[in-house]
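Undergrad: Below are the sequence and a predicted model; questions follow.
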Amino acid sequence: MSKSISRRNFVTLAGASVAAFAGLGLAACGGSSSSSDSSSSSSSSSSSSSKDVSGNITAVGSTALQPLVEAAAEQFMNENSGVQITVQGGGSGQGITQIAQGAVQIGDSDVFAETKLDNPDDAKKLIDNKVCVVGMGPVVNKKVGVDNLTIDQLKGIFTGKITNWKDCGGDDADIVVINRASGSGTRATFEDAVLGGDKVPEDFKPQEQDSSGTVQKMIAETPNSISYLAFSYFTDDIKALKVGGVEPKDANVETNDWTIWAYEHMYTAKKPDAATKAFIKYMLGDEVQGTLVKKTGYISMKGMKVEKDSSGKVTKL
């Protein structure tokens with residue numbers, strides 16, 4: 001899903017992008033930054049250092065990260081009249097593929113590039129700018145009479161082995177599973193944490209949607225439905241579930257008590273153009289990290305008590 005941003009107004013689009021932007025600011029978190037290859041960029045910065053920069057930037061990929069990038073792009077363009085930024089969704093796989101091919105200036109992703117690229121060594125040709133952490137979790141229609149599921153129950157639902165809510169303590173009603181498309185980083189993060197390497201049977205084919213915003217809208221409107229979303233898409237018209245009695249909260253992500261989470265990456269080429277370099281510096285600077293990360297529902301890198309590598313191994317800091 002794509003969205004082109006004007007300097008004065010966002011263009012109104014149907015479907016996923018509209019729903020995605022409607023989800024801004026709903027799951028308050030902290031604000032900070034990190035970059036594995038460009039630590040100098042993570043120092044405090046202001047757009048005052050890039051007043052004279054100009055150019056066009058296209059950022060493609062993760063719809064889980066899209067709300068933050070859209071909001072930051074609007075602010076940046078208001079302060080840098082020579083820059084035009086277009087933000088598009090499409091999923092983490094698309095973002096990584098397009099930045100690796102040099103087709104865009106920024107590839108947004110919920111997952112490490114080396115896990116998506118056919119040749120993992122191609123990730124070494126990119127700069128990994130980690131701009132925040134995102135928690136993700138199962139969500140259901142508000143009328144579903146379940147507030148908590150175990151990992152085993154989630155695994156059963158998302159592999160088609162559990163098909164009725166009564167088997168999870170709910171009403172006697174068929175479970176409607178809504179999945180993300182295969183290129184989604186949100187799906188990859190959720191399945192890594194929940195399925196633990198188990199394969200989904202080929203005959204289990206729930207409907208798939210290509211953006212978090214569309215999933216959010218469908219869960220709100222579809223009785224007995226379940227899916228998964230980034231915390232930044234949690235709204236009052238859907239219900240976020242506990243998992244194993246643990247609440248989907250930032251503090252639980254920071255300690256890995258809540259295990260469904262990922263870094264949000266904004267990949268660039270090794271030598272980005274001046275406009276892209278300035279925008280990434282802005283993303284990692286105080287104007288975004290100090291307020292906008294929290295406002296749009298993401299989690300500060302500074303608050304993390306653990307770290308995760310590209311293989312999924314978690315270690316305490």
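TA: All right, it came through fine.

Undergrad: Tell me which residues of stretch 115-126 come out buried.
TA: For stretch 115-126, the neighbour count (16 or more other Cβ atoms under 10 Å) marks 115, 116, 117, 122, 123, 126 as buried. Any C-beta I mention is one placed from the backbone N, CA and C, and that applies to glycine too.

Undergrad: Likewise for stretch 156-172?
TA: For stretch 156-172, a neighbour-count test (16+ other Cβ under 10 Å) marks 156, 157, 158, 159, 162, 165, 168, 170 as buried.

Undergrad: any idea which of these is the one closest to residue 103?
TA: Set against residue 103, the nearest of these by Cβ to Cβ is residue 158 (32.2 Å).

Undergrad: Touching, the closest one and residue 199? I think so.
TA: No. Here residue 158 does not reach residue 199: they are 11.5 Å apart, not a contact under Cβ atoms under 8 Å.

Undergrad: Next, the distance between the ends of stretch 201-215.
TA: In stretch 201-215, first residue to last residue: 22 Å (Cα to Cα, to the nearest Å).

Undergrad: Now do the buried residues in it.
TA: 206, 209, 210, 211, 212, 213, 214, 215.

Undergrad: Likewise for stretch 298-309?
TA: 298, 299, 300, 301, 303, 304, 308.

Undergrad: With secondary structure and distance to residue 83 added, can I get the residues you listed in CSV?
TA: Listed next are the buried residues of stretch 298-309 as CSV, based on DSSP: H, G, I helix; E, B strand; the rest coil; distance: Cβ to Cβ, whole Å:
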residue, secondary structure, distance to residue 83
298, coil, 23
299, strand, 27
300, coil, 26
301, coil, 25
303, coil, 31
304, coil, 31
308, strand, 33
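
Undergrad: Out of the buried residues of stretch 156-172, which two sit at the greatest distance?
TA: 159 and 170 (18.2 Å).

Undergrad: residues contacting residue 270?
TA: Contacts of residue 270 were listed using Cβ atoms under 8 Å, 6 or more residues apart in numbering, and they are 125, 126, 127.

Undergrad: cool, residue 308 as well?
TA: 261, 262, 263, 314.

Undergrad: can you pick the most crowded of those residues?
TA: residue 262 (28 neighbours; other Cβ atoms under 10 Å).

Undergrad: what about that residue, which SS state?
TA: Secondary structure, DSSP: H, G, I helix; E, B strand; the rest coil: residue 262 is strand.

Undergrad: Does it have any beta-bridge partners, and if so which?
TA: Going by DSSP bridges, residue 262 is paired in beta bridges with residue 134.

Undergrad: Just the pLDDT for it.
TA: Looking at residue 262, its pLDDT stands at 96.

Undergrad: can you give me the strands in the stretch 101-250 of the chain?
TA: 106-109, 126-141, 148-149, 176-180, 207-209, 225-230, 238-240, 242-243 (DSSP state E, counting those that start in this stretch).

Undergrad: following the last one, which helix or strand shows up next?
TA: Proceeding C-terminally, strand 242-243 gives way to helix 250-254 as the next helix or strand, assigned by DSSP states H and E.

Undergrad: so how far is that following helix off the chain centroid?
TA: Between the centre of helix 250-254 and the centre of its chain there are 16 Å (Cα atoms, centre = their mean, to the nearest Å).

Undergrad: Just the CA trace of it, in PDB.
TA: In PDB, the C-alpha atoms belonging to helix 250-254 read as follows (Å, rounded to 0.1, in the frame of the first residue of the first chain):
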ATOM      1  CA  ASP A 250       6.000  -1.500  26.400                       C
ATOM      2  CA  ALA A 251       7.500  -2.400  29.700                       C
ATOM      3  CA  ASN A 252       7.000  -6.100  29.000                       C
ATOM      4  CA  VAL A 253       8.600  -5.800  25.600                       C
ATOM      5  CA  GLU A 254      11.700  -4.100  27.100                       C
END
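
Undergrad: That concludes my questions; thank you for your assistance.
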